[in-house]
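Peer 1: task: produce atomic coordinates for the following.
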Amino acid sequence: MMTVCGVFCETECHAFGIECAGCHQLRGAVSWTKFIGKSICPIYQCVLDRGFPSCADCPKLPCQIWLVETKNPDL
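Peer 2: Numbers count the residues shown, from 1 in each chain. All right, here's what the predicted structure looks like:
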């Protein structure tokens, strides 16, 4: 399954099946959000708020949420 941000959970997420059931199943409350002081993934919340099926439908991509708010410093 693909998340709203375009990640394929089963093949691209190291936490899937271990500490995460996927953003759709968890309604955005994925395990890593605690590390950025959130309870819901900001990307997931934005997609819901804007009524898009995914970020791919947003004309603002890449946005501040992608570039700063959810940026993994280990990348």
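Peer 1: got the buried residues for the longest helix seen in the chain?
Peer 2: Ordering each helix of the chain by length in residues (DSSP state H) puts helix 42-50 first. Under the neighbour-count criterion of 16 or more other Cβ atoms under 10 Å, helix 42-50 has 42-47 buried. Glycine gets a C-beta too; all of them are placed from N, C-alpha and C.
Peer 1: CSV for the residues you listed, including distance to R27?
Peer 2: Putting the buried residues of helix 42-50 into CSV (distance: Cβ to Cβ, whole Å) gives the following:
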residue, distance to R27
P42, 14
I43, 13
Y44, 8
Q45, 10
C46, 14
V47, 12
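Peer 1: now, which of these sits nearest K60?
Peer 2: Among the buried residues of helix 42-50, C46 lies closest to K60 (Cβ to Cβ), at 9.2 Å.
Peer 1: right, and the closest one touches I65 too?
Peer 2: Yes: contact criterion Cβ atoms under 8 Å: C46 and I65 qualify, at 5.6 Å.
Peer 1: in the chain, where is pLDDT below threshold?
Peer 2: The model of the chain has pLDDT under 70 over residues 72-75.
Peer 1: show me where it has its helices.
Peer 2: 9-12, 23-26, 42-50, 64.
Peer 1: can you list those helices in a markdown table and add distance to A56?
Peer 2: Listed next are the helices of the chain as a markdown table, based on distance: least, Cβ to Cβ, whole Å:
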| stretch | distance to A56 |
| --- | --- |
| helix 9-12 | 15 |
| helix 23-26 | 15 |
| helix 42-50 | 10 |
| helix 64 | 17 |
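Peer 1: now L48. Nearest residue, chain neighbours left out?
Peer 2: Nearest residue to L48, sequence neighbours excluded (Cβ to Cβ, 6 or more residues apart in numbering): G28, at 7.3 Å.
Peer 1: does F8 have beta-bridge partners, and which?
Peer 2: Counting by DSSP bridges, F8 is bridged to M2.
Peer 1: count the residues that sit near it.
Peer 2: By the measure other Cβ atoms under 10 Å, the count of residues near F8 is 11.
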